[in-house]
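1. give me coordinates for this.
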Amino acid sequence: MAGWAARLVLLAGAAALASGSQGDREPVYRDCVLKCEEQNCSGGALKHFRSRQPIYMSLAGWTCRDDCKYECMWVTVGLYLQEGHKVPQFHGKWPFSRFLFFQEPASAVASFLNGLASLVMLCRYRTFVPVSSPMYHTCVAFAWVSLNAWFWSTVFHTRDTDLTEKMDYFCASTVILHSIYLCCVSLIRFDYGYNLVANVAIGLVNVVWWLAWCLWNQRRLPHVRKCVVVVLLLQGLSLLELLDFPPLFWVLDAHAIWHISTIPVHVLFFSFLEDDSLYLLKESEAKFKRD
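-> Residues are numbered from 1 along each chain as shown. Below is the predicted model of the structure:
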């Protein structure tokens, strides 16, 4: 649990830096990548690159542009060291020597071994602990959640893409959440009342987080108002969950009413997501033109 928590802190820091680091901001690096792409990543040169690229590299998704960025990273590192400067980071990461198709070989192997250890211990647990044990299914589920997280950690350190990065982060988060749940069910009788309290607490954190984000971006993003309305409506409507009465006509209880009342809220939220996605697209296109 502590290891995953520390890992999440490190991942959060890496994500914050990933938008740009000293190395990838260097003109020498950018010019190198641009020239490399012009020379190797179009027309006949691209065909030549593909013909000589090892099959395991192409299967792992390594592209001509990726190779250019990798080679230019080391050119930039060499210049930094030659001039007596500290080694810079690139896209939020330190430079790593690639081995075969592994982008970060040590981390990939370590993640794989963690997953292997989890698998071995899962098999041992299932062998020695009877299915009738009260915590059996919960612990087995936790093992599978951990295995999934280590799988994506291995994939991410093998090949860093937007998808593998997000899967690594999100799956690491599921381990923390499941570990908290595991602790709760070990310490207390986790009945409906405790479940409700836990959900309300997490919901409050979610509300504060979203409102803080909206407050921070309200001046430059007009569509943030939709998000504010959604957050406040969801929080207000969630009070229906606190009501407890026999179902009307033995069908309609507070929980059902709550689910029905949130239907239009989802429409508004996806309207906000549409506006925000179009805004991000416009920003990325403008950034591409500037670069």
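
2. and Ser277, how far is that from Tyr80?
-> 38 Å (C-beta to C-beta, to the nearest Å). The way it works is simple: take the backbone N, C-alpha and C, and place the C-beta from them, glycine included.

3. between these two, who's got more neighbours?
-> For Ser277 versus Tyr80, neighbours defined as other C-beta atoms under 10 Å are more numerous around Tyr80 (18 against 10).

4. can you tell me the helix or strand for the more buried one?
-> In the assignment (DSSP states H and E), Tyr80 maps to helix 64-82.

5. list the buried residues for that helix?
-> Buried residues in helix 64-82, counted by 16 or more other C-beta atoms under 10 Å: 64, 66-70, 72-73, 76-77, 80.

6. could you dump it to PDB, C-alpha only?
-> Below are the C-alpha coordinates for helix 64-82, written out as PDB (Å, rounded to 0.1, in the frame of the first residue of the first chain):
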ATOM      1  CA  CYS A  64      10.300   7.000 -37.300                       C
ATOM      2  CA  ARG A  65       9.500  10.100 -35.300                       C
ATOM      3  CA  ASP A  66      10.100   8.200 -32.000                       C
ATOM      4  CA  ASP A  67      13.500   7.100 -33.300                       C
ATOM      5  CA  CYS A  68      14.300  10.700 -34.200                       C
ATOM      6  CA  LYS A  69      13.300  11.900 -30.700                       C
ATOM      7  CA  TYR A  70      15.400   9.200 -29.100                       C
ATOM      8  CA  GLU A  71      18.500   9.900 -31.200                       C
ATOM      9  CA  CYS A  72      18.200  13.700 -30.700                       C
ATOM     10  CA  MET A  73      17.800  13.200 -27.000                       C
ATOM     11  CA  TRP A  74      21.200  11.700 -26.800                       C
ATOM     12  CA  VAL A  75      22.700  14.400 -29.100                       C
ATOM     13  CA  THR A  76      21.400  17.000 -26.600                       C
ATOM     14  CA  VAL A  77      22.600  15.100 -23.600                       C
ATOM     15  CA  GLY A  78      26.100  14.800 -25.100                       C
ATOM     16  CA  LEU A  79      26.200  18.600 -25.700                       C
ATOM     17  CA  TYR A  80      25.100  19.200 -22.100                       C
ATOM     18  CA  LEU A  81      27.800  17.000 -20.700                       C
ATOM     19  CA  GLN A  82      30.400  18.400 -23.000                       C
END
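
7. please name every helix or strand in contact with that helix.
-> helix 22-25, helix 27-40, helix 43-52 (3 or more C-beta pairs under 8 Å, 6 or more residues apart in numbering; DSSP states H and E).

8. next, count neighbours for Thr127.
-> Using other C-beta under 10 Å, Thr127 has 7 neighbouring residues.

9. so what's it scoring on pLDDT?
-> At Thr127, the pLDDT value in this model is 80.

10. now Thr262
-> 82.

11. which among the buried residues of helix 64-82 gets closest to Asp253?
-> Asp66 (54.5 Å; C-beta to C-beta).

12. just the mean pLDDT for the strand or helix carrying Trp209, thanks.
-> Assigned by DSSP H and E, Trp209 belongs to helix 192-217. The average pLDDT within helix 192-217 is 75.
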